[in-house]
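Novice: predicted model and sequence follow; I will ask about them next.
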Amino acid sequence: MTRAVRRLFAGAFVLVAILACGVPAAFAQGGVTSSLSGTVADSTGALIPGANVVVKNMGTAATSEAVTNAEGQFTVPALNAGKYSVSVTLSGFKTVTINDVIINAGVPAGVKVTMEVGGVEEQVVVTGGSEVVATQSSTVSTTITSK
């Protein structure tokens, strides 16, 4: 090979190496959305499948829905950062609404919902916010908001 061809290959190799090092860092940045997962159980701790879950953004009124699986678990993906309310309904149980659930961008959150036996027309409202538990990661983070 000639000297010019070797320089061309060396330059291309360096360029590919630089790009390969930068790609993982770009994907490591948190996304602008997050997810909310949760478990629904009754007062005895038995998991409740088939419960309807409605997650409502309190700032935009946008809603997302999910249904608990056989293990009483649900996940609502692609939620924008903000304050949410979570309502859970199922025939034979009182409706449970948890207000002031905070979702931060790129940080999956989780809630535990306990339903009480009763009519659907009865409602249990949890005020003062819910403890949001980040169960998917052990990292510590901070959200900075402008005022």
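Specialist: Everything's here; your move.

Novice: run a quick neighbour tally on V107.
Specialist: 19 (other Cβ atoms under 10 Å). Just so you know, the C-beta spots here come from the backbone N, C-alpha and C atoms, and that holds for glycine as well.

Novice: distance of it from S43?
Specialist: Applying Cβ to Cβ, to the nearest Å, the value for V107 to S43 is 30 Å.

Novice: what about the helices in this structure?
Specialist: 3-28 (DSSP state H).

Novice: show me where pLDDT drops low in it?
Specialist: Along the chain, segments meeting pLDDT under 70 span 1, 5, 8-31, 120-123, 127-147.

Novice: would you map the strands across it?
Specialist: Using DSSP state E, the strands found in the chain span residues 33-42, 52-57, 63-67, 73-80, 82-89, 95-103, 109-115, 123-126.

Novice: mind putting these into CSV with mean neighbour count and distance to R3?
Specialist: Converted to CSV, the strands of the chain look like this (neighbours: other Cβ atoms under 10 Å; distance: least, Cβ to Cβ, whole Å):
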stretch, mean neighbour count, distance to R3
strand 33-42, 19, 51
strand 52-57, 19, 62
strand 63-67, 14, 61
strand 73-80, 16, 53
strand 82-89, 20, 60
strand 95-103, 19, 58
strand 109-115, 20, 58
strand 123-126, 14, 74
